[in-house]
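Colleague: The sequence and its predicted three-dimensional model are supplied below.
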Amino acid sequence: MFTRRTVMKLTAAAGAATLMSSTGSKAAEAGLTWTHYPAGETGFNRAPVLVTGETEALLIDGGFTLSDGRKLAEEIKATGKKLTTIYVSQSDPDFYFSLRPIVEAFPDARVIAASATVAAINANVEKKIATWGPQLGDNGPKSVDEVVIPAVYDEPTLSVDGHEISIVTAEGLANRRYLWSEDLQAVFGGVMIFSDVHVWVADTQTKEQRAAWVANLDAIIARNPEVVVPGHMTPDAPLGVVAVEYTKAYLLAFEEELAKAGNSAELIAAMKARFPDLGGVANLELGAKVATGEMKWG
């Protein structure tokens, strides 16, 4: 059973370097710092990341609600840095619905994403607003005109005060990316890494896709990063490689239990038994229905 307590023990065993954040030696040597902003359950447990240099700032992904966007804009203002770029790593609405107040606060910042991400957003944004608009009300966009659509950017790197940050495209998975800072030895994991919440599998509906996901997680572990920030996490969830290992363990368990389950209820019960303390239960419930063929998604 992979409990939250297990994760915390693994984190401690990994040592202080795993928990090193913006105050770590690598960060100091590189002249870079980073901060993450976990939104909690109402924001789908999204965790945007701000990377700052001497004068500039890069925001990696937005969040889900406009209130989260307003809070994040205030946090960025408080740094005193110039927000030059907002990079959107994924096309799900919890990665870009919150961007409007940030763009209004920093009108000179460019908002960019890979062409595949932009195409996916454009293909689904009306449907996403129809689904979530009534639930979000004034806390979300009500029309496509209120959504910040990123501009196409297919270059392999970004820059913060001259420090290069690589955009890594996942192997064997459509529209999946994470960012890698050699200076910080840091992975900013986007949609592929979770911590302390059920993993969202509704968009990876085949065994082959989930196997490709695991292979990409193994590649991240092989980098031996000092810092890993999951894209989805509870506010006090563990950071570091342990989050990658947790996501991998969850996906492998999901595959095992899916093969044995007769329906989604059995699959959900089995996963809750193996991961009993996690947030984001809706991720599991929807993913199980999609994986067992009881529900269409996407």
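Modeller: All right, it came through fine.
Colleague: What about Lys260, how many residues nearby?
Modeller: 9 (other Cβ atoms under 10 Å). No exception for glycine: its C-beta is placed from N, CA and C like everyone else's.
Colleague: Roughly how far does it sit from Val201?
Modeller: 16 Å (Cβ to Cβ, to the nearest Å).
Colleague: Ok, Ile60 next?
Modeller: Taken as Cβ to Cβ, the span from Ile60 to Val201 is 23 Å.
Colleague: same check, this time on Ala174
Modeller: On the measure of Cβ to Cβ, Ala174 and Val201 end up 15 Å apart.
Colleague: Looking at the two, which is more packed in?
Modeller: Ranked by neighbour count (other Cβ under 10 Å), Ala174 and Val201 place Val201 first, with 22 against 12.
Colleague: correct me, but that one touches Leu252?
Modeller: No. The pair Val201 / Leu252 is not scored as a contact, 11.9 Å apart, by Cβ atoms under 8 Å.
Colleague: pLDDT weak spots in this structure?
Modeller: By pLDDT under 70, the low-scoring segments of the chain are 1-28, 30.
Colleague: just the strands in the stretch 151-298 of the chain please.
Modeller: Per DSSP state E, counting those that start in this stretch, the stretch 151-298 of the chain carries strands over the ranges 151-152, 157-160, 163-169, 177-181, 186-188, 194-195, 227-229, 232-233.
Colleague: what would those strands look like in TSV with mean neighbour count and distance to Ala123?
Modeller: Output for the strands of the stretch 151-298 of the chain, formatted as TSV (neighbours: other Cβ atoms under 10 Å; distance: least, Cβ to Cβ, whole Å):
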stretch	mean neighbour count	distance to Ala123
strand 151-152	12	14
strand 157-160	18	25
strand 163-169	17	19
strand 177-181	23	18
strand 186-188	28	25
strand 194-195	30	25
strand 227-229	26	28
strand 232-233	28	22
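Colleague: can you tell which of those is closest to Glu256?
Modeller: When the strands of the stretch 151-298 of the chain are compared by Cβ to Cβ, strand 194-195 sits nearest Glu256, at 17.9 Å.
Colleague: and the closest one, which strands flank it?
Modeller: strand 232-233 (parallel) (DSSP bridges).
Colleague: Tell me the buried residues in stretch 116-123?
Modeller: Using 16 or more other Cβ atoms under 10 Å as the test for burial, stretch 116-123 gives 116-118, 120-121.
Colleague: can you tell me which of those residues are in helices?
Modeller: 116-118, 120-121 (DSSP state H).
Colleague: Looking at those, which is nearest Val290?
Modeller: When those are compared for distance to Val290 (Cβ to Cβ), Ala120 wins out at 17.5 Å.
Colleague: Spatially nearest residue to that closest one (excluding sequence neighbours)?
Modeller: Ser91 (3.6 Å; Cβ to Cβ, 6 or more residues apart in numbering).
Colleague: in what helix or strand does that neighbour lie?
Modeller: Ser91 belongs to no helix or strand when elements are defined using DSSP states H and E.
Colleague: Verify the stated contact: it with Lys128.
Modeller: No. Counting by Cβ under 8 Å, Ser91 does not reach Lys128; the two are 9.3 Å apart.
Colleague: Which one's more surrounded, these two?
Modeller: The residue with more neighbours, out of Ser91 and Lys128, is Ser91; 24 against 20, by other Cβ under 10 Å.
Colleague: quick one: contacts for the more buried one?
Modeller: 113, 117-118, 120-121, 124, 175 (Cβ atoms under 8 Å, 6 or more residues apart in numbering).
Colleague: repeat that for 6 Å
Modeller: Counting by Cβ atoms under 6 Å, 6 or more residues apart in numbering, Ser91 touches 117, 120-121, 175.
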